[in-house]
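J.: I'd like to go over a predicted model; first the sequence, then the structure.
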Amino acid sequence: MITEYSKKDISNILYVINDAAIKYKGVIPGHCWHEPYMSEQELIIEFNNGVHMFGYRSNDKLIGVMGIQELKEVTLIRHAYTLTCYQGTGVGKLLLKYILQKNKSTCLLVGTWRNATWAIRFYEKSGFILQTKKRTVQLLKKYWKIPETQIDNSVVLKK
């Protein structure tokens, strides 16, 4: 079952994000990795910046999350994670399908780490197109608030 989550659910959302993000350790540059991967304060800021978080529950347990943020003429997919032990079971696909149905803009963008090849493949299988390095930098600077080191190590996909 997929429902929208709020700030009151932060601890459950963070549990999913930080468990799933372990997959990035050793894949992304060391200076971009930190533990926890996302702090409570960072997630509060995301909510305050208009990110809406949706979660997939199974057996009364939150096992996957995916957020959206509507900005200007685009919608960004933000913080898409599935608990490690449920990865590859279709939870991400169900969340993405739900997000695609909710999407009000004609342009949907998602950013991820360049070396997270599994994430890139996931979005490409759903019809997203990997943007060029030049276009990625333009999009990241226009729609995301991330440090230059993260821009250098990221890609953007568009649908």
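T.: All right, it came through fine.
J.: Could you report the separation of Val16 from Ser105?
T.: When distance is defined by Cβ to Cβ, to the nearest Å, Val16 is 26 Å away from Ser105. Where you see a C-beta, it was placed from the backbone N, CA and C, and this is true even at glycine.
J.: and what of Gly55?
T.: Noted for Gly55: a distance of 22 Å to Ser105, by Cβ to Cβ.
J.: which of the two has more neighbours?
T.: The neighbour comparison of Gly55 against Ser105 (other Cβ atoms under 10 Å) goes to Gly55, with 22 against 14.
J.: tell me what the strand or helix carrying that one is packed against?
T.: If you go by DSSP states H and E, Gly55 is part of strand 52-58. In terms of contact count using 3 or more Cβ pairs under 8 Å, 6 or more residues apart in numbering; DSSP states H and E, strand 52-58 is assigned the packing partners strand 2-5, helix 10-20, strand 61-71, helix 91-102.
J.: List the contacts of the residue lying closest to Thr75 once chain neighbours are set aside.
T.: Spatially, and ignoring its direct neighbours in sequence, Thr75 is nearest to Ser105 (4.5 Å; Cβ to Cβ, 6 or more residues apart in numbering). Each residue near Ser105 by Cβ atoms under 8 Å, 6 or more residues apart in numbering is listed here: Glu70, Glu73, Val74, Thr75.
J.: Now rank those residues by neighbours and give me the top one.
T.: Neighbour counts for the contacts of Ser105 peak at Thr75, which has 24 neighbours (criterion: other Cβ under 10 Å).
J.: Sounds good, over and out.
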